[in-house]
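In: got a sequence here, can you model it:
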Amino acid sequence: MSVSTKLYEGKAKIIYPTDDPEIFLAVFKDDATAFNAQKRGSIQGKGAINCSISSQLFQLLETRGIKTHFVDNPAPNQMRIKAVKILPLEVVVRNIAAGSLCQQTGLALGTVLKQPLVEFYYKNDRLGDPLLTRDRLLVMELATAEQVDRITHLALQINEFLKEFFQQCSITLVDFKLEFGLDSKQQLLLADEISPDTCRLWDISTQEDADRRILDKDRFRLDLGNVENAYQEVWKRVLKVVEAKE
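Out: Residues are numbered from 1 along each chain as shown. I've put the predicted structure just below:
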């Protein structure tokens with residue numbers, strides 16, 4: 001497969017066609033970006049780790065009735081996925097105040113929210129991925145009212161599962177980003193990935209140490225070091241819990 005056949009290349013993945021028009025191949029990259037790609041770098045082994053973690057979580061979500069684009073793993077950093085048209089929305093679910101929520105509201109880092117917060121951002125680098133109200137989202141026709149309701153319901157379901165799962169990994173799920181797409185039958189599917197790139201994950205055993213507890217891409221964003229070790233630690237814990245369930 002030559003590079004010229006690729007359908008799309010993003011910050012974290014390259015998408016290729018396959019012999020089946022309903023199936024794509026996603027190749028996860030080691031490239032790392034932050035702040036809308038203003039900061040760039042590389043995290044050794046990130047592609048394979050993120051692909052492996054995402055694959056395990058997608059399969060577990062499928063057993064909970066959450067339909068995803070996952071098909072299988074032909075290689076550690078490759079995922080065969082159902083062909084979908086990605087909705088231009090980043091769906092963020094927050095359990096604890098961190099990142100932009102603190103910057104924009106003044107909430108103290110680590111504030112536990114009384115209920116999960118579901119937010120929608122316009123997936124547009126040129127505009128800086130702005131936060132959208134429901135009405136703006138509908139005016140822009142980024143999704144239908146029914147799709148927004150369905151996505152919100154699914155996001156909260158996924159949050160409950162992931163919170164419980166990561167708790168078993170001795171990890172606190174602070175917040176995370178989801179993306180959804182429509183297949184050829186206009187069925188809404190969970191897409192993209194669920195990984196240390198898209199989740200804020202804090203080690204429960206070191207909760208009192210603000211820097212040491214971080215097991216996600218914030219280690220890269222904030223120049224905290226030990227990025228590869230953090231990703232590997234998450235994968236090790238995820239695999240241990242998955243194997244215990246089998």
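In: my guess is residue 124 contacts residue 88, does it?
Out: Yes. Counting by C-beta atoms under 8 Å, residue 124 touches residue 88, with 6.8 Å between them. Bear in mind the C-beta positions are built from the backbone N, C-alpha and C, glycine included.
In: what is the burial count for residue 60?
Out: 18 (other C-beta atoms under 10 Å).
In: with residue 71 instead?
Out: 19.
In: immediately after the longest helix anywhere in the chain, which helix or strand?
Out: For the chain, the longest helix by residue count, based on DSSP state H, is helix 145-168. Going down the chain from helix 145-168, the next helix or strand is strand 171-182, by DSSP states H and E.
In: may I have that following strand as PDB, with CA atoms only?
Out: Provided in PDB are the C-alpha atoms of strand 171-182 (Å, rounded to 0.1, in the frame of the first residue of the first chain):
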ATOM      1  CA  ILE A 171      -7.200   5.700  37.400                       C
ATOM      2  CA  THR A 172      -9.500   8.600  37.700                       C
ATOM      3  CA  LEU A 173     -11.200   9.700  34.500                       C
ATOM      4  CA  VAL A 174     -11.100  13.500  34.600                       C
ATOM      5  CA  ASP A 175     -12.500  14.200  31.100                       C
ATOM      6  CA  PHE A 176     -12.400  12.900  27.600                       C
ATOM      7  CA  LYS A 177     -13.200  13.700  23.900                       C
ATOM      8  CA  LEU A 178     -15.400  11.600  21.600                       C
ATOM      9  CA  GLU A 179     -16.100  11.800  17.900                       C
ATOM     10  CA  PHE A 180     -19.100  10.200  16.100                       C
ATOM     11  CA  GLY A 181     -19.700   9.400  12.400                       C
ATOM     12  CA  LEU A 182     -22.500   8.200  10.100                       C
END
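In: C-terminal to it, what's the next element?
Out: Tracing the chain C-terminally past strand 171-182 and defining elements by DSSP H and E, one meets strand 188-191 next.
In: and stretch 145-165, what's buried?
Out: Across stretch 145-165, burial judged by 16 or more other C-beta atoms under 10 Å covers 147-148, 151, 154-155, 158-159, 161-163, 165.
In: appreciated, that's everything.
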